[in-house]
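Visitor: Based on what follows, work out the 3D shape:
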Amino acid sequence: MGYDERSDGSSSSDAQEGFQRNLATKMGSQQVTMPKHIPFPEHATTSEWLSELIMCAFTMGAAIVQFINIYRTNWWLPQFQTRHMVNIELIDPYLRYLILILNTRRFLYCMLLAKWKSSERRLVRLGIKYGFGGIVQVALCYCALKLYQQHTYMLLFYLSYPVVVYFIIFGFQLEPFLRTRFELPGVYINDMPVHSCTNSATQIRDEIETLRHDFNKRFKQLIFTCMLNAYLVLIPCLLALSVQYNVMRAAQHCIIVCLGAFSLSAVFLYPAKYSDTLHRATLHLGSWQRMDRDPQAAPSQLIVAANAQTWSKYTVYGHAQVVKHNGALYRSHGLVTVATPGNASHVRFYKLFHNPTVIYSTLATLQAAVLLVEIASLSAASIEWHFVLSISFVAFTSMVAFFKLVRDYLITKHLYKAECASIYN
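Guide: This next block holds a predicted model:
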């Protein structure tokens, strides 16, 4: 019988690593009490198709109001022949088609997918994805070509701007163009990630990575949606070369539409139940505080900590335990800690979702400030009727986001206050 040294060494290493993993897990489970979560209260949530419908109506209404700002008429005066509020004949029809396609693409795609939710029809869903996506792209290219033939070369820059931004953010992926919320590999229920309580340190860190990528993916959608909504109310201004209009008021409309889209996208992409999932994972993650950089750490504590054990990726550490990692000393912070010491992404994740109430309170305060500015601008003496319509429309729709932000703030505030009392008492 031959002797295979490589095979023996590999099996010996795997056996040693498995022994260390089992020993660390056993020691961690004996010394550490895992956190218990308070059930999240049931409340009304916005489904994907309804959120897409609201966003579609908001963007379409904002574009219509911008057309009124630019191509308005004095239709109420008797000497005017027209009885229309807007000079429709001055608006390029292909520009209207372009805005209509970009506004309705996600809502129509969401309604198509609603009939094929079963995973058994995966081929049908893929066919709808690439077929519908191809039709939308061909229609947009056709409208862009017609617009280019009737305008200057600068229009190429105007039309290529959102395309370049999309490729920078998402690359050559088609799904983010057709859906606001799409699932990554992991456990999802109704487009929402699910937290799984486990005693395995490696599984907790893997879950954190999945949730972190999901959060970043949603944030990219948030930025792109705000940019695209502002673009759809800006492009009519760029093409209105032969029309005189109030440039400052039109720019103001673009800004408040961008802020309104940001608020609506935030409440749809980051509801309170979603942040609670990330908060539960944060309780299992914990964090580390570097002791040799802590100005409040006494020299005697550093001497004692010098005899600390080396950090193990398989161990679940309790509160205030000291470990050594990469030549530095760290003290655990939290009921349990499995984060990698010195890992910047783990530190940011813990700070952001350890108390999600701060997120909603900040967003609600900013939204309230925007609403107050919009309402105060209505009191200007020189404001015209179409700008009153513009500001009123955005302010009214922004109140929906403000209500949801305040509701999520109150829910998370009382929930995590009771959770903190149950954990540390």
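
Visitor: Just the C-alphas of stretch 57-71, formatted as CSV.
Guide: The C-alpha trace of stretch 57-71 is given here as CSV (Å, rounded to 0.1, in the frame of the first residue of the first chain):
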residue,chain,number,x,y,z
ALA,A,57,-47.9,58.3,-10.4
PHE,A,58,-45.6,60.7,-8.6
THR,A,59,-43.0,60.9,-11.4
MET,A,60,-45.7,61.2,-14.1
GLY,A,61,-47.4,63.9,-12.1
ALA,A,62,-44.1,65.8,-11.6
ALA,A,63,-43.3,65.6,-15.3
ILE,A,64,-46.8,66.9,-16.2
VAL,A,65,-46.5,69.8,-13.8
GLN,A,66,-43.1,70.6,-15.3
PHE,A,67,-44.7,70.8,-18.7
ILE,A,68,-47.3,73.2,-17.3
ASN,A,69,-44.4,75.3,-15.9
ILE,A,70,-42.8,75.6,-19.3
TYR,A,71,-45.7,75.4,-21.9
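
Visitor: Now do it, average pLDDT.
Guide: Averaged across stretch 57-71, the pLDDT comes to 90.

Visitor: what does it contact?
Guide: The contact list for stretch 57-71 (C-beta atoms under 8 Å, 6 or more residues apart in numbering) reads 85-88, 90-91, 99-100, 103-104, 229, 232-233, 236-237, 240, 243, 245-246, 249-250, 253-254, 257, 260-261, 264, 386-387, 389-390, 393-394, 397. Using the backbone N, CA and C atoms, a C-beta is placed for each residue, glycine as well.

Visitor: if you set the cut-off to 7 Å instead, what comes out?
Guide: 85-87, 90-91, 99, 103, 229, 232-233, 236-237, 240, 243, 245, 249-250, 253, 257, 260, 264, 386-387, 389-390, 393-394, 397 (C-beta atoms under 7 Å, 6 or more residues apart in numbering).

Visitor: Filter the residues you listed down to the buried ones, PyMOL style.
Guide: Restricted to buried positions by 16 or more other C-beta atoms under 10 Å, the PyMOL selection for those reads:
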select buried, resi 85+86+91+99+103+229+232+233+236+237+240+245+249+250+253+257+260+264+386+387+389+390+393+394+397
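
Visitor: Now, the contacts of stretch 57-71 that are in helices?
Guide: Taking DSSP state H, the ones among the contacts of stretch 57-71 that sit in helices are 99, 103, 229, 232-233, 236-237, 249-250, 253, 257, 260, 264, 386-387, 389-390, 393-394, 397.

Visitor: what kind of secondary structure is the closest residue to residue 283 other than its chain neighbours in?
Guide: Of all residues not flanking residue 283 in the chain, residue 35 sits nearest, at 4.3 Å (C-beta to C-beta, 6 or more residues apart in numbering). Taken by DSSP: H, G, I helix; E, B strand; the rest coil, the conformation at residue 35 corresponds to coil.

Visitor: Wait, residue 35 touches residue 338, no?
Guide: No - look at residue 35 against residue 338 with C-beta atoms under 7 Å: they stay out of range, at 11.7 Å.

Visitor: who has more neighbours, those two?
Guide: Neighbours were counted for residue 35 and for residue 338 using other C-beta atoms under 10 Å; residue 338 has more, 26 against 17.

Visitor: what's the spacing between that one and residue 349?
Guide: Applying C-beta to C-beta, to the nearest Å, the value for residue 338 to residue 349 is 12 Å.

Visitor: residues shared between the contacts of those two?
Guide: The contact sets of residue 338 and residue 349 overlap at residue 285 (C-beta under 7 Å, 6+ apart).

Visitor: any weak-confidence spans in the stretch 1-150 of the chain?
Guide: Within the stretch 1-150 of the chain, the stretches with pLDDT under 70 are 1-32, 74-84, 117-121.

Visitor: Helices along that one, start to end?
Guide: In the stretch 1-150 of the chain, the helices defined using DSSP state H, counting those that start in this stretch lie at 5-31, 48-71, 93-113, 122-150.

Visitor: At which residues are the helices of the stretch 301-425 of the chain located?
Guide: Using DSSP H, counting those that start in this stretch, the helices found in the stretch 301-425 of the chain span residues 344-353, 357-377, 385-424.

Visitor: Compare the ones you listed and give me the one nearest residue 319.
Guide: Closest to residue 319 of the helices of the stretch 301-425 of the chain, according to C-beta to C-beta: helix 385-424, at 9.6 Å.

Visitor: That closest one: how far from the chain's middle?
Guide: With C-alpha atoms, centre = their mean, to the nearest Å as the basis, helix 385-424 stands 16 Å off its chain's centre.

Visitor: and the angle for it with helix 48-71?
Guide: Using axes from the mean of the first three to the mean of the last three C-alpha atoms, to 10 degrees, the direction of helix 385-424 lies 150 degrees away from that of helix 48-71.

Visitor: Next, the angle helix 357-377 makes with helix 385-424.
Guide: Using the same axes, to 10 degrees: helix 385-424 against helix 357-377 is 160 degrees.

Visitor: how about the nearest residue to residue 411, chain neighbours excluded?
Guide: Nearest one to residue 411, counting by C-beta to C-beta, 6+ apart, is residue 272 at 5.2 Å.

Visitor: what number of residues lie near the one you found?
Guide: Look at residue 272: counted by other C-beta under 10 Å, it has 25 neighbours.

Visitor: From residue 420, how far off is it?
Guide: Residue 272 is 17 Å from residue 420, where distance means C-beta to C-beta.

Visitor: With residue 226 instead?
Guide: Relative to residue 420, residue 226 is positioned 34 Å away (C-beta to C-beta).

Visitor: Which one of those two is surrounded by more residues?
Guide: residue 226 (20 against 12).
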